[in-house]
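[1] Based on what follows, work out the 3D shape:
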Amino acid sequence: MRILFALVFLFLLYVKTISLLLAALAVLVVLDGKGAKRRLKRVLFSIFLFNFGVSLGYLIFAAIKGIAPWEYLCYINLKVFVLTYCVFFFFEKVSVVQFFAFSKELGFLLTMTLAQIYSYKRTFEDFRQAFRSRVVSLRDKEYRFIATTFDFFFKKALSDAKEKSLAMRARGFFDG
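    Numbers count the residues shown, from 1 in each chain. Okay, the predicted model is just below:
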């Protein structure tokens, strides 16, 4: 299954035409069946902000240079959409842990990454619930909550990065 995914992903990376990308998306949607509608929404939601920013930047650049941006914008946005759909589709069918089981080092890195993701998610949920239970008027305090939470996670990420780096160095990950 890993090899099939790698081949499909490589194919999608090297596709240069909109029609082939649309055909690949159609095949993925058909293979997905009933889950396609939900996955299409998830993919769109997950890439919207990034694609919007990149597209806006490219539109500004194209306007300055006097080039027609529409074909390239359609191509690049569709490519990101199809690749993201493919990854979401695959990793719903195959466990990410099983996918990286072939390598001890990758398995270790994945374990560390997932542990940190779940820890941060749990901490954020605790913050959010504490905020909602203590604040009567949410709109007045939301900006401060967001800023404080961001500051906390930024400092925690820096601290955790130092700790993880030392742990990885102790296990020989940075030996040349």
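[2] buried ones in the longest helix seen in the chain?
    In the chain, taking DSSP state H as the definition, the longest helix is helix 138-170. Using 16 or more other Cβ atoms under 10 Å as the test for burial, helix 138-170 gives 145, 164. From N, CA and C alone the C-beta is placed, and that goes for glycine too.
[3] Quick one: distance of it to the chain centre.
    Centre-to-centre, helix 138-170 and its host chain are 19 Å apart (Cα atoms, centre = their mean, to the nearest Å).
[4] same question, stretch 42-52
    9 Å.
[5] Run a quick neighbour tally on Ile47.
    17 (other Cβ atoms under 10 Å).
[6] In contact with it, which residues?
    Contact analysis of Ile47 by Cβ atoms under 8 Å, 6 or more residues apart in numbering lists 80-81, 84.
[7] can you tell me the helix or strand for it?
    Element membership for Ile47, per DSSP states H and E: helix 36-65.
[8] got the domain boundaries for the chain?
    2-94, 99-170 (automatic domain parsing).
[9] most tightly surrounded among the ones you listed?
    domain 2-94 (a mean of 14; mean count of other Cβ atoms under 10 Å).
[10] I'd like the average pLDDT over that one.
    Averaging pLDDT along domain 2-94 yields 90.
[11] centre of the chain versus it, how much separation?
    That offset, for domain 2-94, works out to 13 Å (Cα atoms, centre = their mean).
[12] same thing with stretch 117-132?
    20 Å.
[13] Likewise for stretch 159-171?
    The mean C-alpha position of stretch 159-171 is separated from the chain mean by 24 Å, Cα atoms, centre = their mean.
[14] Send over that stretch as CSV, restricted to the C-alpha atoms.
    Extracted C-alpha coordinates of stretch 159-171, given in CSV (Å, rounded to 0.1, in the frame of the first residue of the first chain):
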residue,chain,number,x,y,z
SER,A,159,11.3,25.0,25.5
ASP,A,160,10.1,21.6,24.1
ALA,A,161,12.3,22.0,21.0
LYS,A,162,15.4,22.4,23.2
GLU,A,163,14.4,19.4,25.3
LYS,A,164,13.6,17.2,22.3
SER,A,165,16.9,18.2,20.6
LEU,A,166,18.9,17.1,23.6
ALA,A,167,16.9,13.8,23.8
MET,A,168,17.6,13.2,20.1
ARG,A,169,21.2,14.1,20.3
ALA,A,170,21.6,11.6,23.3
ARG,A,171,20.1,8.9,21.0
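[15] Fine, thanks again, bye for now.
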